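Chemist: structure for the following, please:
(one chain, ligands or ions: 2)
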Amino acid sequence: MIKIEIPNYVQKVLKGLESAGFKAFIVGGCVRDSIMGKKPADWDVCTSARPEQVMRVFNGVMPAIPTGIKHGTITILSDKIPVEVTTFRIDGNYSDNRRPDSVGFVTDITEDLARRDFTINSMAYNSDEGLVDPFGGGMDIKRGVIRCVGEPEKRFSEDALRIIRALRFAAVCGFKIENKTETAVREMAENLREIAMERVYAEFRKLLSAEKPAGILIKYRDVFEKILPECFGIERFDAGLCTATDKMPENFVLRLAAVCASAGEKINPVLHRLKADSKTIRRVCRIVENNKTEPPATKTDVLNFLHEFGVETAADIAEFRIFTDKNENSEQWKLAFLKIRRAVDDNECYSLAQLDINGSDLMKCGIKGRRIGTTLDRLLTAVISGKCQNSKVELLEFFNKNCCFLDDDWV
Ligand code: ATP
Ligand code: MG
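Modeler: Numbering: from 1, shown residues only. Ligands and ions are numbered 1, 2, ... in the order given. Sure thing, here's the model as predicted:
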């Protein structure tokens, strides 16, 4: 019999419900991950207790917050860690491909498991009853298969997000999608257009966090095209860039840039439509916009590169090109990346903020107005190009010696 080590704070929740006479199990992702030998991200509990009964069981024992009361979910803070407790339920009709019109509470766990998406996600467990696995999820994990619970077409027409979830689990688990489920994935992909982008993006993010996402991205190009035609449309799609995601570290920004780079100048609207956050959009856009930049070679080049882009973007661009450029170029970017890191570690000066002289120092020397800014810029250029050390004494000396500063635009 399979034995799952359930953390103490979760056991307290199960015991609380059981000692009040209700059934309680851990369910879904945490059971799947435990069987696969992975550490679950969070532990969900399902129970025969109705939401108001769950509230009563924990009243005065642990904080209970009705976070999703419509769907029967109460969040219990057990040892300050949130555990979602959801009443066994069945979903009513889906009239919009995404949300059940109603949910109904039931007392049989098998009915609850039947509404879940894939066999590997439709298992429950507690230490008395062991594994509850009515749809063969355990076997599908052994075989490495993603399979819908029930008729795939019906399940995908209820909630089209399951289509992208199938691809997400295939990528993250390194599993194959079972034939009937796969046929429905492709045939129903059009319905993905009706799903809120926030939900799609959350799944796409998890998909890109797979150890090797490229195989799924390439094999299901036609499905991804429904969400991101600018990147996955057949005339734009770049399998080489997708392949690069397998070599990249698990860095979402780099991988998203690889997948979306083929959108070219449309990158910004694409990322907005995807509902990416503004920081991610900025980072990805800068990587894609600078996709043709030459690698900085000399120390001055490196400092200019850092001056132009800042540390984060400079590192993003270099790292991206290490994985997406070929042979010689990739090697050059590797060197550039190391040089960028060294310049930062050595606290080399590439920005005005790091310059050992500032506006008030110059004012003391009688410089006024916009000349202050121009002078500082020129001194920074002198430091970056190695003509002057970054120390106040030397910078002042350099300034005094170089009447070249007094050219036309000084007047
Ligand atoms: P993760 O480890 O990424 O959290 P997970 O399997 O826990 O994966 P969740 O999105 O947290 O995924 O969902 C929890 C469980 O709820 C799933 O394991 C599955 O049983 C069920 N579920 C989630 N989304 C759906 C859906 N769209 N349709 C049917 N069942 C779903
Ligand atoms: Mg989860």
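Chemist: what's the longest helix in the chain?
Modeler: Using DSSP state H, we find that the single longest helix of the chain is helix 299-324.
Chemist: I'd like the next helix or strand past it.
Modeler: On the C-terminal side of helix 299-324, the nearest following helix or strand under DSSP states H and E is helix 327-345.
Chemist: tell me which residues in that following helix are buried?
Modeler: Neighbour counts over helix 327-345 (16 or more other CB atoms under 10 Å) mark 332-334, 336-337, 339-340, 343 as buried. Every C-beta, even on glycine, is put in place using the N, C-alpha and C of the backbone.
Chemist: could you dump the residues you listed to JSON lines with distance to F323?
Modeler: Formatted as JSON lines, those follow (distance: CB to CB, whole Å):
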{"residue": "Q332", "distance to F323": "13"}
{"residue": "W333", "distance to F323": "9"}
{"residue": "K334", "distance to F323": "10"}
{"residue": "A336", "distance to F323": "13"}
{"residue": "F337", "distance to F323": "11"}
{"residue": "K339", "distance to F323": "18"}
{"residue": "I340", "distance to F323": "16"}
{"residue": "A343", "distance to F323": "21"}
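Chemist: low-confidence stretches in the chain?
Modeler: 403-411 (pLDDT under 70).
Chemist: now do 50
Modeler: Along the chain, the parts satisfying pLDDT under 50 run over 408, 410-411.
Chemist: centroid-nearest residue for it?
Modeler: Closest to where the C-alpha atoms of the chain average out (CA atoms, centre = their mean) is R205, at 3.9 Å.
Chemist: in a strand, that's where it is, yeah?
Modeler: No: according to DSSP: H, G, I helix; E, B strand; the rest coil, R205 belongs to no strand; its state is helix.
Chemist: residues contacting it?
Modeler: Counting by CB atoms under 8 Å, 6 or more residues apart in numbering, R205 makes contact with F252.
Chemist: measure it to K275 for me?
Modeler: In this view, R205 and K275 are 11 Å apart by CB to CB, to the nearest Å.
Chemist: can you check V253 too?
Modeler: From V253 to K275 the distance is 16 Å (CB to CB).
Chemist: these two - which one has more neighbours?
Modeler: For V253 versus K275, neighbours defined as other CB atoms under 10 Å are more numerous around V253 (22 against 14).
Chemist: can you tell me the closest non-neighbouring residue to that one?
Modeler: Excluding the flanking residues, the one nearest V253 by CB to CB, 6 or more residues apart in numbering is R283, at 4.8 Å.
Chemist: my read is that neighbour is in a helix, agree?
Modeler: Yes: the assignment for R283 (three-state DSSP) places it in a helix.
Chemist: just to check, it is in contact with D316?
Modeler: Yes: counting by CB atoms under 8 Å, D316 is a contact partner of R283 at 5.7 Å.
Chemist: find residues that contact each of those two.
Modeler: Common neighbours of R283 and D316, counting by CB under 8 Å, 6+ apart, are 253, 257.
Chemist: how does this structure divide up, domain by domain?
Modeler: What automatic domain parsing lists as the domains of the chain is 8-143, 145-286, 299-345, 352-402.
Chemist: which among these is found nearest to ligand 1?
Modeler: Of all the domains of the chain, domain 8-143 sits nearest to ligand 1, with 2.3 Å by CB to the nearest ligand atom.
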